[in-house]
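1. got a predicted model here, sequence first, then my questions.
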Amino acid sequence: MKKLIILLSLCFAATVSANVSLNSIVANNGFEFGSGALADNWMPNAIGNIATVERVAEEALSGTYSEKFFINYVSETGTKAEILQQTAVGSITPGTAYDFSFFAKGYAGPGVVGFFQVQWLDGDGSHGGGVKGVGPMTQFGTSLTSVYQEFSQTGLIAAANADCAFISIRLEGGAFSGSTGYMYVDAIPEPATMALLGLGGLLLRKRK
């Protein structure tokens, strides 16, 4: 019985590790580290009359902090609230498949949309620098509800000559009255990781 459990554990581990998780490469993906409204390793980008994005000690899915996005139409200009992060140089391997996910909840009014995207960069300039590949731009804003949901992209192939990833998560509004929205973004350990931890605990109990 013990051998069977170990074998199943190894098979499961091989299955879930087919793609590498970008979440394990992204720094401070739970926004727990920072100073006031600024989360370490993330660059906020708010454009428009009333657009804010900030680290807040509220509505966290795990831990204490989340990232709050807010946009509101005021004049003939659309708004955008965005967070950006470039992972460390050497953190990705060209040709490798990566998965990326996060959790979000909120409200998207008329004309409000949310997007997230992963780009592949040559961060150290060893191959001319700049963008080497662009992943799909996934729209998720219309799916926002008052309950946290997971949004993900799977099987993203790192481009040739890239050495890091550039991640964008944003909320955008239209240039008309009533185009208002907000969302909270947070991250927790991935289900696959939790399942492996559970199997590890099972093995320890069996050994005892």
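-> Noted; the coordinates are in hand.
2. ok, now how distant is the spatially most central residue of the chain from residue 115?
-> Closest residue to the average C-alpha location of the chain: residue 102 at 4.2 Å, with CA atoms, centre = their mean. Per CB to CB, to the nearest Å, residue 102 is found 12 Å from residue 115. Bear in mind the C-beta positions are built from the backbone N, C-alpha and C, glycine included.
3. which neighbours do these two have in common?
-> Taking CB atoms under 8 Å, 6 or more residues apart in numbering as the criterion, residue 102 and residue 115 both touch residue 169.
4. quick check, pLDDT for the spatially closest residue to residue 144 that is not a sequence neighbour.
-> Leaving aside its sequence neighbours, residue 144 sits nearest to residue 106 (CB to CB, 6 or more residues apart in numbering; 4.5 Å). Looking at residue 106, its pLDDT reads 97.
5. for residue 106, which residues make a bridge with it?
-> residue 183 (DSSP bridges).
6. isn't it right up against residue 183?
-> Yes - the criterion here is CB atoms under 8 Å, and residue 106 meets it with residue 183 at 3.0 Å.
7. list the helices and strands whichever strand or helix holds residue 154 packs on?
-> Assigned by DSSP states H and E, residue 154 belongs to strand 149-157. The elements that strand 149-157 packs onto, with contact taken as 3 or more CB pairs under 8 Å, 6 or more residues apart in numbering; DSSP states H and E, are strand 97-108, strand 113-122.
8. residue ranges for the helices of this protein, please.
-> Secondary structure of the chain (DSSP state H): helices located at 2-16, 191-207.
9. out of the ones you listed, which gets the lowest mean score?
-> Lowest mean pLDDT within the helices of the chain: helix 2-16, a mean of 39.
10. just to revisit the earlier point, distance to residue 173 added to the helices and strands packed on strand 149-157, as CSV?
-> Shown next, in CSV, are those (distance: least, CB to CB, whole Å):
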stretch, distance to residue 173
strand 97-108, 9
strand 113-122, 8
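11. looking at the ones you listed, spot the one closest to residue 24.
-> Of all the helices and strands packed on strand 149-157, the one in closest proximity to residue 24, counting by CB to CB, is strand 97-108 (9.8 Å).
12. buried residues, that closest one. List them.
-> For strand 97-108, the neighbour count (16 or more other CB atoms under 10 Å) marks 98, 99, 100, 101, 102, 103, 104, 105, 106, 108 as buried.
13. residues contacting the fourth one?
-> Each residue near residue 101 by CB under 8 Å, 6+ apart is listed here: 23, 150, 151, 152, 153, 187, 190.
14. residues in a beta bridge with the third one, which ones?
-> When you say that, I think you mean residue 151. Residue 151 has these beta-bridge partners by DSSP bridges: residue 102.
15. which residues of the chain score low on pLDDT?
-> Across the chain, the ranges flagged by pLDDT under 70 are 1-17, 76, 189-208.
16. and residue 39, how far from residue 171?
-> Separation of residue 39 from residue 171 (CB to CB): 16 Å.
17. before we move on, the earlier item: got any residues that touch both of residue 106 and residue 183?
-> Between them, residue 106 and residue 183 share these contacting residues under CB under 8 Å, 6+ apart: 69, 144, 171.
18. take those and keep only those in strands.
-> Judged by DSSP state E, the shared contacts of residue 106 and residue 183 include 69, 171 as members of strands.
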